[in-house]
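S.K.: Structure of the sequence below:
(one chain, ligands or ions: 2)
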Amino acid sequence: MTHTAGTPRHHGFGPMRRKEDARFIRGRGKYVDDIKLPGMLHGAILHSPHAHARIRSIDVGAAEAHPKVKAVITGETLEAMNLAWMPTLSNDVQAVLATDKVRFQGQEVAFVIAEDHYSARDALELIDVDYDPLPVVSDARTAMDEDAPVIRDDLEGRKDNHIFDWEAGDRARTEEVFAVADVVVSQDMLYPRVHPAPLETCGIVADMDKVTGKLTVWATTQAPHAHRTLYALVAGLPEHKIRVISPDIGGGFGNKVGIYPGYVCSIVGSILTGRPVKWVEDRSENLMTTSFARDYHMSGSIAATRDGKVLGVRVKTLADHGAFNGSAQPTKFPAGFFHVFTGSYDMQAAHCEVTGVYTNKAPGGVAYACSFRITEAVYLVERLMDLLAAELDVDPAELRMKNLLQPEQFPYTCATGWEYDSGDYATTLRLALEMAGYEALRKEQAEKRARGELMGIGISFFTEAVGAGPRKHMDILGFGMADGAELRVHPTGKAVLRISVQTQGQGHETTFAQIVAEELGIPADDVEVVHGDTDQTPFGLGTYGSRSTPVSGAATAVVTRKVRERARLVAGAMLEADPGDLEWSEGRWFVRGDPNSGVTIQEIAMAAHGSVELPEGVEGHLDATTVYNPPNLTYPYGAYICVVDVDAGTGKVSVRRIIAVDDCGVRINPMIVEGQVHGGLADGIGMALMQVMAFDEDGNHLGASFMDYLLPTSMECPSWELGATVTPSPHHPLGAKGVGESATVGSPPAVVNAVVDALKPYGVRHADIPLTPANVWRTLQGRPFRTDLAIT
Ligand code: MCN
Ligand code: CUN
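M.R.: Ligands and ions are numbered 1, 2, ... in the order given. Purely as a prediction, here's the structure:
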């Protein structure tokens, strides 16, 4: 399964260039904003300037009188249609347009529909809303105070801002383990609120055809089928009369899983006006109102023996979910997969408690290349491992090596009940250490320290759980997550594959064609991958939690194998041989022992379409469909090492090197996998050093543009050093595991561990992210500050 990098292979796995790039680099991508329909109208949203205020009145008269305005929708309009509130995926409701009061700055208040975009925007200024400001909660830590204003008074009987209490693991067992431990290390840490910030913002074109009764929606969604079903359930439209098309997407990163008020308003707008309605967010709208991630305040502890054997971890977490519990968050697991926080280590016990609270901030949630909160879990345990290493005065690599799960322990059930499928962790860490030249780095560090220079080396070893969702985890979401796939091989042996997942930049049109190519022996260029259109593809829940390869990739392998088996029967008829006597080699069936006797898949395809007499019961054509139910999640993992230099005078952190060794099982396209890792590493640098959604005490959003919400550029990123180990997943038909979020999940703790390591001579044992120059400088002065609140 190893191919030399750079050598394109067209008959299966290997580093093949992305098929979709031909249109992207020539400017031929087609995004939602490129959709232009005859008679199309344009929508714009009026947002609340206040974080918490009662709405006394909304006067839309002047806006309606604007000559280019066709309609103005308010919460009242929606109430009449029973659509003022929409269910979230997290057992909550969210206001589509505010009726009673606004609960976060930027909340949607009214929707103007006009002949053109600019008129719609102009008319927003003609709307007069009378607000009565209320006290604000912008810090989760004060949300449960006696005198805190109740944000969700719309919920019956609600007297405080509490959403849920949730725990996992065995409390009593964990207490026992902590009681006998030689060493316990504790640390409070904040994973602040961040935003996925895809370069293409969210948008929709909704077109209700009043003659056919069919609603067609072009939307930037990662989950077109799920959106269709939700629209049907919420709006009462028949599902077969809804078509959701997700065109090219300029990045999702979790931002495009949910349904936002602008989508509902555009659909309602099209129903009301009888014309197509387009709504596309601007940058500030995207950053201020759409799904956030993290915002976890964690108090963690780790217990170990004196000689460094880890016994257990526990954590208490305060989770800030904003004003509506609004993101895709499994109902029964309101903290997502956070409890996979024993990480990659063999431990006897673990326990976590999570309390979710409402604040006057935009709907919080999980999504940002996160695997449903495994990002926070990995950060927690990897920081704790470093703190423990410091306490025991042992090398952090050595401590990890001592506690990593061993190959013979797989399948391994962790202390909170998750079954890790496969792994050879020590090999991966060893490779990373070797690539880094770890010993030499430590020597260099000692020399630098002697000269008063700050250099840090940080390690992170992560295990992910991706590929929702196996039936055995069905209680997480309350419904199954099987994905369909359909494959048709045309008479000339060219094929079309229809899949349920949606690509947002991951290169599915290439990798999924490669899976067919590998299994059928035809060139990947001969396979067209159709996705992102509910009328043309089988049902499936879409792309998130790096589930495409684990679930839909498996479905693709299975459906292709079905076609290959059909081809065997056709080949039997062609060769006048018993199909049982046939053997397969790349792209052809032949009579066992007689390789020259074979027929190619292309010849079989032609024959299958009518030119050969098929035996009784064998249908013609080379088509198949399948539905794949994954038996388990896949557990990719990796070892990351980061080297930083810190300027003590300014607090500026320079990331000198990042070494990333990933094991995502069998790699379909190693070049695409590396691309995924590159992106995630940049994300990790961003989260560790720059990105944060901060708010002031009045709930004003302080990161509503890219001037304030800082994304890493190539200037902040070193030249990545990647390595790979391949430990196949035993239950996946191709042995593949998901990788799309691995580096985003795994890299932030490596960077933070490196910075804290650099600051060690100053007695620093922890610093909260993002480690901006100001924060690092203040930390060096012994005065760190909260980055998620306004600094005064
Ligand atoms: N792949 C492979 N071999 C493997 C695993 C993956 O060749 N063993 C390939 C896949 O076939 C696919 C890509 O790598 O082309 C990523 O696959 P996978 O890990 O299955 O993840 P998904 O395709 O389901 O993508 C989702 C994941 C998530 S949840 C976020 S968030 C994220 C991410 O992918 N958003 C992205 N990567 C992104 N990359 C881009 N460019 N844009 C986004 O919005
Ligand atoms: Cu958690 S972001 Mo991705 O799963 O869509």
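S.K.: interface residues of the stretch 351-500 of the chain facing ligand 1?
M.R.: Ala369 (CB under 6 Å from any ligand atom). Placement of C-beta: from N, CA and C, glycine included.
S.K.: need the contact list for the residue in the stretch 201-350 of the chain positioned nearest to ligand 1.
M.R.: With CB to the nearest ligand atom as the measure, the residue in the stretch 201-350 of the chain that lies nearest ligand 1 is Gly252; the distance is 3.7 Å. Contacts were defined as CB atoms under 8 Å, 6 or more residues apart in numbering; by that measure Gly252 touches 196, 198, 220, 222, 504-505, 543.
S.K.: Looking at it now. What's its pLDDT?
M.R.: Reading off the confidence values, Gly252 has pLDDT 96.
S.K.: now Ile476
M.R.: pLDDT, the model's per-residue confidence, is 64 for Ile476.
S.K.: now swap in the one 5 residues further on and tell me
M.R.: Among the per-residue scores, Met481 shows a pLDDT of 82.
S.K.: which SS class is it?
M.R.: coil (DSSP: H, G, I helix; E, B strand; the rest coil).
S.K.: Ok, Tyr640 next?
M.R.: strand.
S.K.: what about the protein, any weak spots by pLDDT?
M.R.: In the predicted model of the chain, residues 1-10, 327-331, 365, 475-480, 791-792 satisfy pLDDT under 70.
S.K.: can you list the domains in it?
M.R.: According to the domain assignment given by automatic domain parsing, the chain is divided into the following structural domains: 32-134+201-249+256-289, 293-469+632-780, 482-628.
S.K.: got those as JSON lines, with distance to Asp153 and mean neighbour count columns?
M.R.: Conversion of these to JSON lines gives the following (distance: least, CB to CB, whole Å; neighbours: other CB atoms under 10 Å):
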{"stretch": "domain 32-134+201-249+256-289", "distance to Asp153": "8", "mean neighbour count": "20"}
{"stretch": "domain 293-469+632-780", "distance to Asp153": "11", "mean neighbour count": "22"}
{"stretch": "domain 482-628", "distance to Asp153": "32", "mean neighbour count": "21"}
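S.K.: Same list, the ones you listed, but as a markdown table with distance to Arg141 please.
M.R.: Shown next, in a markdown table, are the domains of the chain (distance: least, CB to CB, whole Å):
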| stretch | distance to Arg141 |
| --- | --- |
| domain 32-134+201-249+256-289 | 17 |
| domain 293-469+632-780 | 7 |
| domain 482-628 | 29 |
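S.K.: now those as TSV including distance to ligand 2?
M.R.: As requested, those are exported to TSV (distance: least, CB to the nearest ligand atom, whole Å):
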stretch	distance to ligand 2
domain 32-134+201-249+256-289	5
domain 293-469+632-780	4
domain 482-628	3
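S.K.: thinking again about what came up before, ok, so of the contacts of Gly252, who is nearest His52?
M.R.: Pro196 (25.3 Å; CB to CB).
S.K.: For the residue nearest to that closest one when sequence neighbours are not counted, grab phi and psi.
M.R.: The shortest distance from Pro196 to any residue other than its chain neighbours is 3.6 Å, reached at Phe253 (CB to CB, 6 or more residues apart in numbering). Its backbone dihedrals place Phe253 at phi 50, psi 30, with angles given as degrees, to the nearest 10.
S.K.: Which parts of the stretch 201-350 of the chain are helices?
M.R.: With DSSP state H, counting those that start in this stretch applied, the stretch 201-350 of the chain shows helices at 224-235, 261-273, 283-289, listed in chain order.
S.K.: Correction: the previous question concerned the stretch 651-792 of the chain.
M.R.: When secondary structure is read from DSSP H, counting those that start in this stretch, the stretch 651-792 of the chain shows helices at 670-689, 742-758, 773-780.
S.K.: Grab the nearest non-local neighbour of Gln602.
M.R.: With CB to CB, 6+ apart as the measure, Gly493 is the residue that lies nearest to Gln602, at 3.1 Å, once sequence neighbours are left out.
S.K.: Distance-wise, check the one you found relative to Glu519.
M.R.: 14 Å (CB to CB, to the nearest Å).
S.K.: ok, now Pro261?
M.R.: Pro261 sits 43 Å away from Glu519, going by CB to CB.
S.K.: and what of Val501?
M.R.: Taking CB to CB as the measure, Val501 falls 18 Å from Glu519.
S.K.: ditto for Val268
M.R.: Going from Val268 to Glu519 by CB to CB gives 45 Å.
S.K.: Just want the phi and psi numbers for His473.
M.R.: Here is the backbone geometry of His473 (degrees, to the nearest 10): phi -110, psi 20.
S.K.: Next: Ser138.
M.R.: Geometry field for Ser138 lists phi and psi as phi -110, psi 0, criterion degrees, to the nearest 10.
S.K.: you'd agree Pro224 is up against Val530?
M.R.: No - proximity of Pro224 to Val530 does not meet the contact threshold set by CB atoms under 8 Å, at 12.0 Å.
S.K.: quick one, what contacts the closest residue in space to Pro363 that isn't next to it in sequence?
M.R.: For Pro363, the nearest residue in space outside its immediate sequence neighbours is Gly326; the separation is 2.8 Å by CB to CB, 6+ apart. With contact set as CB under 8 Å, 6+ apart, Gly326 has these partners: 88, 90, 92, 94, 258, 291, 363-365.
S.K.: need the contacts of Gly252 in JSON lines with distance to ligand 1 and secondary structure, can you?
M.R.: Shown next, in JSON lines, are those (distance: CB to the nearest ligand atom, whole Å; DSSP: H, G, I helix; E, B strand; the rest coil):
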{"residue": "Pro196", "distance to ligand 1": "7", "secondary structure": "coil"}
{"residue": "Pro198", "distance to ligand 1": "6", "secondary structure": "coil"}
{"residue": "Thr220", "distance to ligand 1": "10", "secondary structure": "coil"}
{"residue": "Gln222", "distance to ligand 1": "8", "secondary structure": "coil"}
{"residue": "Gln504", "distance to ligand 1": "4", "secondary structure": "coil"}
{"residue": "Gly505", "distance to ligand 1": "2", "secondary structure": "coil"}
{"residue": "Thr543", "distance to ligand 1": "5", "secondary structure": "coil"}
